[in-house]
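J.: no sequence for this one, just the structure:
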């Protein structure tokens with residue numbers, strides 16, 4: 001124990017002793033004043049000694065505290081200066097006011113006082129602002145990483161104290177990067193149309209084709225350090241790490257083009273679909289993601305790669321038109337399954353996408369006919385009649401039997417029971433249906449659609465008939481009707497409505513047509529479809545024609561072969577008119593793709609995109625949040641006309657820089 005503490009202890013004892021002696025003096029003085037006086041002198045002497053001891057204690061205490069403070073300051077200064085990380089104090093102008101030795105050694109300079117942070121660390125302000133905006137509410141510190149020379153630095157900024165901690169995490173960053181690069185990804189390669197491409201070949205030619213394709217896929221895999229294992233003549237398994245996957249994404253999966261070009265001499269060129277999953281913790285989940293990605297690629301028409309993580313889905317390729325490869329076997333199986341579902345239901349509700357078009361109404365009437373064949377009560381959900389179906393609905397309203405089968409979304413919700421069958425046509429996205437609540441509440445949902453599959457999908461549907469090779473949903477429904485009942489009989493209006501849907505979606509049989517399209521149209525024509533009535537349904541008014549001409553006048557050509565028309569801000573145009581203008585622009589010489597931007601009647605900004613197949617407008621619209629087909633796509637955006645145009649031009653520029661718009 002230090003001496004001054006001992007003195008302090010003795011001091012306390014002396015005080016008590018002095019008090020006792022003083023009391024004794026008082027008692028002695030009471031009996032004998034001479035003895036009391038002697039005792040008082042002793043007490044005074046003792047008090048003097050006590051005072052001296054107290055003064056000595058205070059002097060020792062001050063010397064001890066001063067010495068200890070000096071040692072602490074020296075230790076603090078030495079510790080701060082030799083910390084294995086940097087400390088920086090900055091002023092309100094983001095210039096360095098003080099730093100420790102670590103910072104000086106980091107830059108090889110004696111002092112950086114007065115130097116702006118932006119000069120020391122490039123992009124400091126941008127990184128700091130971005131991190132500050134992204135930080136969680138209530139967080140007192142801002143964390144972000146900076147690159148300095150060959151080092152990776154972690155910065156922890158305390159804005160209130162204007163203090164920065166800087167730590168070298170290069171080794172950790174390298175380990176993190178190496179871990180990310182070495183994480184496993186699983187892929188599946190599938191030959192889309194091997195049976196169609198090898199049709200008519202003998203065994204030797206077929207084996208030769210398999211060998212050629214297998215050799216090319218193997219060489220491609222070796223070039224990217226991928227383990228490939230052939231599972232069958234049409235399917236391959238891929239094992240790769242994320243570094244190889246990033247290289248594949250940068251190459252835009254060139255193997256898709258190579259296989260297609262290698263087999264271009266065949267009657268039907270061979271195409272691939274690739275599904276890759278990554279980012280999960282278990283192998284089984286990776287396999288499920290890979291299969292889900294492959295299903296997505298096939299659902300979008302094939303000849304493309306889909307890369308899927310838990311929170312990300314990317315598509316590559318998809319440059320060629322989908323090759324028709326539906327079989328009547330699949331149509332018959334789907335028809336029989338649909339028949340069984342209808343027979344097991346108390347009623348059927350049929351619904352299409354928002355702002356329904358001719359294809360939705362025609363397909364809905366076809367599904368209504370299927371339910372009628374088995375005497376199952378069925379209704380079509382429709383909210384408002386838009387201009388694109390106005391003439392068709394006028395004819396339907398004159399038909400007493402058909403007109404009463406249309407109900408509002410509110411009525412449909414009140415009618416729904418546990419045994420109600422919900423049939424969704426011409427879309428596979430619940431959010432795009434007329435009333436999404438109907439899909440949510442229904443326990444049994446059937447999807448019939450011809451659009452390329454998007455990221456959003458009605459996954460809990462009991463039956464899905466998604467065929468992107470079909471021209472329209474009306475074509476699919478027409479095929480189903482041929483198998484759903486042996487003796488289906490149409491009225492003229494029913495058959496004509498289905499034919500009108502096919503006619504509109506094929507642009508009068510000019511686009512998206514396969515042999516099955518004409519077979520479906522022939523079946524409808526034989527069963528009473530009136531082509532004159534179709535033309536009457538699709539007639540346009542003179543005012544609409546003039547309005548189209550006004551928009552076309554504002555069109556300009558960008559990227560040499562892309563037509564872009566933008567209407568004036570504040571001028572609202574029906575969605576149908578926007579699509580018609582895009583179709584008209586596509587008919588101009590040297591135009592491979594067209595885009596029309598206008599404000600719709602609901603206040604949203606609509607973009608309609610069309611192409612002849614040299615450019616995948618679906619990918620363009622998907623980057624903006626929309627979707628569609630390779631040659632027919634659209635998107636609805638919030639905001640203004642100028643903002644939508646800027647976003648579209650930016651996407652087109654990016655795509656042209658990445659791989660070219662028409663390659």
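T.: Done, it's in. Here the structure is a predicted model, which is why all the values come from computation and not from measurement.

J.: now the helices: where do they sit in the stretch 251-400 of the chain?
T.: Using DSSP state H, counting those that start in this stretch, the helices of the stretch 251-400 of the chain run over 255-262, 283-299, 328-343, 358-373, 390-397, 400-403.

J.: Which stretch among those helices approaches residue 159 most closely?
T.: For the helices of the stretch 251-400 of the chain, the distance to residue 159 is smallest for helix 283-299, at 40.8 Å, taking Cβ to Cβ. C-beta coordinates here come from the backbone N, C-alpha and C atoms, glycine included.

J.: Do me a favour and average the pLDDT over the closest one.
T.: Predicted confidence along helix 283-299 averages 87 (mean pLDDT).

J.: repeat for stretch 459-479
T.: So the average pLDDT for stretch 459-479 ends up being 89.

J.: buried set for it?
T.: Of the residues in stretch 459-479, 461, 463-479 count as buried by neighbour count, 16 or more other Cβ atoms under 10 Å.

J.: Show me those that map onto strands.
T.: Of the buried residues of stretch 459-479, the ones assigned to strands by DSSP state E are 463, 464, 465, 466.

J.: Which one of those residues is nearest to residue 198?
T.: Closest approach to residue 198 among those (Cβ to Cβ): residue 466, at 25.1 Å.

J.: Now for that closest one: which residues touch it?
T.: 299, 428, 447, 448, 449, 450, 451, 453 (Cβ atoms under 8 Å, 6 or more residues apart in numbering).

J.: any chance of the residues you listed in TSV, plus secondary structure and neighbour count?
T.: As requested, the contacts of residue 466 are exported to TSV (DSSP: H, G, I helix; E, B strand; the rest coil; neighbours: other Cβ atoms under 10 Å):
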residue	secondary structure	neighbour count
299	helix	21
428	coil	25
447	strand	22
448	strand	27
449	strand	26
450	coil	27
451	coil	25
453	coil	21
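
J.: So which of those residues is the closest to residue 159?
T.: So of the contacts of residue 466, ranked by how close each gets to residue 159 (Cβ to Cβ), first place is residue 453, at 47.1 Å.

J.: The closest one contacts residue 302, correct?
T.: No - using Cβ atoms under 8 Å, residue 453 is not in contact with residue 302, being 11.0 Å away.

J.: May I see the buried residues of stretch 118-134?
T.: For stretch 118-134, a neighbour-count test (16+ other Cβ under 10 Å) marks 120, 121, 124, 127, 128, 131 as buried.

J.: Can you pull out the residues in contact with it?
T.: By Cβ under 8 Å, 6+ apart, the residues outside stretch 118-134 that reach it are 94, 96, 107, 112, 117, 142-146, 148, 153, 155, 157, 159.

J.: again, only using 10 Å
T.: 88, 94-96, 99, 103, 106-107, 109, 112, 116-117, 139, 141-148, 153, 155, 157, 159, 164, 166 (Cβ atoms under 10 Å, 6 or more residues apart in numbering).

J.: and these, which are buried?
T.: For these, a burial check counting by 16+ other Cβ under 10 Å picks out 88, 95-96, 99, 103, 106-107, 112, 117, 142, 144, 146, 153, 155, 157, 164, 166.

J.: okay, now residue 90: neighbour count?
T.: Residue 90 has 18 neighbours, counted by other Cβ atoms under 10 Å.

J.: Verify the contact between it and residue 155 for me.
T.: No - contact criterion Cβ atoms under 10 Å: residue 90 and residue 155 do not qualify, at 11.6 Å.

J.: Need the residues touching each of those two.
T.: Listed as contacting both residue 90 and residue 155 by Cβ under 10 Å, 6+ apart are 117, 164.

J.: Show me where the stretch 101-250 of the chain has its strands.
T.: 142-148, 151-158, 163-168, 184-191, 227-230, 235-241 (DSSP state E, counting those that start in this stretch).

J.: out of these, nearest to residue 59?
T.: Of all those, strand 163-168 comes closest under Cβ to Cβ, at 39.3 Å.

J.: Contacts for the closest one next, please.
T.: Residues from elsewhere that reach strand 163-168 (Cβ under 10 Å, 6+ apart): 83-90, 96, 98-100, 102-103, 106, 117, 120-121, 124, 128, 141-143, 146, 148, 151-158.

J.: Neighbouring strands - and their directions - for that strand?
T.: With DSSP bridges as the test, strand 163-168 is paired with strand 86-90 (antiparallel), strand 151-158 (antiparallel).

J.: And the ones you listed: which comes nearest residue 209?
T.: When the strands paired with strand 163-168 are compared by Cβ to Cβ, strand 151-158 sits nearest residue 209, at 49.9 Å.

J.: next one: that closest one to chain centre, how far?
T.: Strand 151-158 has its C-alpha centroid displaced from the chain centroid by 30 Å (Cα atoms, centre = their mean, to the nearest Å).

J.: now stretch 394-410
T.: Offset of stretch 394-410 from its chain centre (Cα atoms, centre = their mean): 39 Å.

J.: Spatially nearest residue to the residue most central in space within the chain, not counting backbone neighbours?
T.: Nearest to the geometric centre of the chain sits residue 312, at 5.3 Å (Cα atoms, centre = their mean). In this structure, residue 312 finds its nearest non-sequential neighbour in residue 279, 7.8 Å apart by Cβ to Cβ, 6 or more residues apart in numbering.

J.: got a pLDDT number for the one you found?
T.: The predicted local confidence for residue 279 is 87.

J.: list the contacts for it?
T.: Counting by Cβ under 10 Å, 6+ apart, residue 279 touches 183-185, 242, 285-286, 289, 307-312.

J.: Pick out the most distant pair among these.
T.: Spanning the widest gap among those are 184 and 311, at 17.8 Å by Cβ to Cβ.

J.: okay, the two: which has more neighbours?
T.: Neighbours per residue (other Cβ under 10 Å) separate residue 184 from residue 311, with residue 184 holding more: 15 against 6.

J.: ok, back up a step: which neighbours do residue 453 and residue 302 share?
T.: Taking Cβ under 10 Å, 6+ apart as the criterion, residue 453 and residue 302 both touch residue 468.

J.: Going by neighbour count, list what's buried in stretch 288-303.
T.: For stretch 288-303, burial by neighbour count (16+ other Cβ under 10 Å) applies to 289-290, 292-303.

J.: Fine, thanks again, bye for now.
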